[in-house]
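# okay, sequence plus prediction incoming.
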Amino acid sequence: MSDAPIRLRTEKLSAMYGKFSAINAVSLEFPANRVHALIGPSGCGKSTFLRTLNRLHEMTPHAWITGKVLLDGHDIYQRDVSPIQLRRRVGMVFQKPTPFPTMSIFDNVASGLRIGRRVGKQEVAEIVERSLQRASLWDEVKDRLSTSATGLSGGQQQRLCLARTIAPEPEVILLDEPTASLDPQGTQRIEELMFELKEEFTIVIVTHNMQQAARVSDTTSFFYLGNMVEHGPTPAMFTRPQDPQTEAYITGRFG
Amino acid sequence: MVSRVMVGVMVAAVVVAVLPLILILGSLIVRGASALTLDFFTKLPAPVGQPGGGVRHAIVGTLMIVGTAALAGVPFGIAAGVYCSEFKGSRLATITRFVADVLNGTPSIVVGVFAWTSIVATQKHFSALAGSAALAILMLPMVMRTTEELLNLVPISLREAALALGYSRWRTTLTIVLRTALPGIVTGSLLAVARISGETAPLLFTALGSQYLSYNIDQPMAALPLVVFTYATGPFEEWHQLAWTAALVLIIVVLVLSIIARIVTRQRFGRNV
């Protein structure tokens, strides 16, 4: 399990909004090609933690961090790192599906490719098709690629966002409660996809749903009041939690 | 029973609200439509005492004056609106917003006097350009505030999705946020154009009006509201007739702009559903 190279690591990472500290000195390691779940009650800082990993946190007014986030051993908060370049390596899917309403299905998937390096038309079409196939959406939309993305169902929209995120070939995919607004079928399809996608990507998922964390993840971190309370292989976390707070949370006594 | 009374009160209120509009349109059509011939659009005014003649000079003038005003007012208004939406908390945005609201409530005649002192008085002659400047000043806060409010309606999640894909901030603003709000901004701008095309007071001191067809923006120029004003207050019966018909044409111009604005909006919802 721990023989995979470390893709992403945080060292004493704290994230602040003004004077309020949302997460305190969290140190975590994420080996490559695994699914990592972040669980914890609302307001525990797990989403904020996720947003520090692609530097989206700093787009909020008065938000700042201390500590380090190392992607392939290189601190992403160093001066020479452009957050724009970084976000092409660390993709993100949000709680609510966010297709660009003015773009067609095709253009949505291609939107991340058209910025940055020049890509030929033929290549864009190939990448769009491959990305939609990997998000298991191709068969449903291949005849209506030029129609508006807002005509899709919620579950389809979320898989479209997943296709859009994987099209530029990031190394890490961050998922912020990606199934919170989906029905059980949509949820199941996203969960199935995670097993396939981790072959190529390192996945960090924030979830409120503990069954989901248990089903899809290889390692789990439990956050509570801005602290990372416990971290370990998922089966061990759910069967023999070390910390009484973790045990209380996963057995449903609070949160 | 109470419910019925309330419905009755509300229906009465709606009638009171709509009645003036119907009366205005009705009297315009009754009194103006008879002279609404092709000549009215293509001919210049006839000499006093002779029947017929048209207001081609004023239609051309209104299009030129309002067009020039929109050319200046719309881009600056949208740009200022984007700034105020992007840098919401900044001091400059707060001041700009306040100034725009004051300007929005300023009587148009004050703006006309301002254009007179700053342009007409310094150039020492009346000009259509000064009229355009006054109308542009009137448009600016309308377009700006509409743009800002519509940009604020674009969900933050959409902006974050673009940033998370590696879009730069300006690219996110232009290609995602502004693009999403664009149909509404076009509508708002068209409505602002419709509103200023009926303005009379600011043109009295600036474009002044003219009996001749002119394409020179640096000279006095006729405009539909000025024609209505001059002819309606003039002593001749033929002039009164012309004023009615010019007023009808003015209303039609505004109506057409409003309808275009509606169609643009409908397309947006049509695509989203």
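In hand now; what should we look at?

# are we agreed that residue A:204 is in a strand?
Yes: according to DSSP: H, G, I helix; E, B strand; the rest coil, residue A:204 belongs to a strand.

# can you count the residues close to it?
Using other CB atoms under 10 Å in any protein chain shown, the number of residues around residue A:204 comes to 29. In short, each C-beta sits where N, CA and C put it, glycine included.

# from residue A:97, how far out is it?
Per CB to CB, to the nearest Å, residue A:204 is found 19 Å from residue A:97.

# how about the residues of the stretch 151-255 of chain A by chain B?
Neighbours of chain B within the stretch 151-255 of chain A, by CB under 8 Å from any CB of the partner chain: A:151, A:161, A:164, A:165, A:168.

# for residue A:247, helix, strand, or coil?
What three-state DSSP gives for residue A:247 is helix.

# residues touching it, list them.
residue A:241 (CB atoms under 8 Å, 6 or more residues apart in numbering or on different chains).

# follow-up on the earlier one: let's see which of the residues of the stretch 151-255 of chain A next to chain B end up in helices.
Among those, DSSP state H puts A:161, A:164, A:165 in helices.

# in the chain, which spans are helices?
You didn't pick a chain, so chain A it is. Along chain A, counting by DSSP H, helices occupy A:46-52, A:83-89, A:105-114, A:121-134, A:138-141, A:154-166, A:184-197, A:210-216, A:234-239, A:244-250.

# not what I meant, chain B
Under DSSP H, chain B gives helices at B:2-32, B:38-42, B:56-86, B:91-105, B:108-115, B:121-123, B:128-153, B:156-164, B:169-171, B:179-196, B:201-204, B:224-232, B:237-272.

# who are the packing partners of the first one?
In terms of contacts (3 or more CB pairs under 8 Å, 6 or more residues apart in numbering or on different chains; DSSP states H and E), helix B:2-32 is packed against helix B:237-272.

# distance between the helix it packs on and the chain's centre?
11 Å (CA atoms, centre = their mean, to the nearest Å).

# what does chain B have sitting close to chain A?
B:89, B:155, B:157-158, B:160-168, B:171, B:176, B:179-180, B:182, B:271-273.

# of the residues of the stretch 151-255 of chain A next to chain B - the most surrounded one?
residue A:164 (31 neighbours).

# report pLDDT for it.
Note for residue A:164: predicted pLDDT of 95.

# I'd say it and residue A:113 touch.
No: checked against CB atoms under 8 Å, the pair residue A:164 and residue A:113 is beyond contact range at 9.4 Å.

# and the residue lying closest to residue B:96 once chain neighbours are set aside, what is it in contact with?
Of all residues not flanking residue B:96 in the chain, residue B:84 sits nearest, at 5.8 Å (CB to CB, 6 or more residues apart in numbering or on different chains). Contacts for residue B:84 (CB under 8 Å, 6+ apart) come out as B:93, B:96, B:97, B:144, B:148.

# identify, from these, the entry nearest to chain A.
For the contacts of residue B:84, the closest approach to chain A (CB to the nearest CB) belongs to residue B:93, at 13.0 Å.

# show me where pLDDT drops low in the stretch 151-255 of chain A?
Within the stretch 151-255 of chain A, the ranges that satisfy pLDDT under 70 run A:254-255.

# distance to residue B:3 added to the helices of chain A, as a markdown table?
Listed next are the helices of chain A as a markdown table, based on distance: least, CB to CB, whole Å:
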| stretch | distance to residue B:3 |
| --- | --- |
| helix A:46-52 | 48 |
| helix A:83-89 | 57 |
| helix A:105-114 | 48 |
| helix A:121-134 | 54 |
| helix A:138-141 | 48 |
| helix A:154-166 | 39 |
| helix A:184-197 | 43 |
| helix A:210-216 | 49 |
| helix A:234-239 | 58 |
| helix A:244-250 | 52 |
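
# so for residue B:260, which of these sits nearest?
helix A:105-114 (26.7 Å; CB to CB).

# for that closest one, packing partners?
Where contact means 3+ CB pairs under 8 Å, 6+ apart, helix A:105-114 is packed against helix A:121-134, helix A:154-166.

# so how far is that helix off the chain centroid?
Counting by CA atoms, centre = their mean, helix A:105-114 comes out at 19 Å from the chain centroid.

# all good on my end, thank you.
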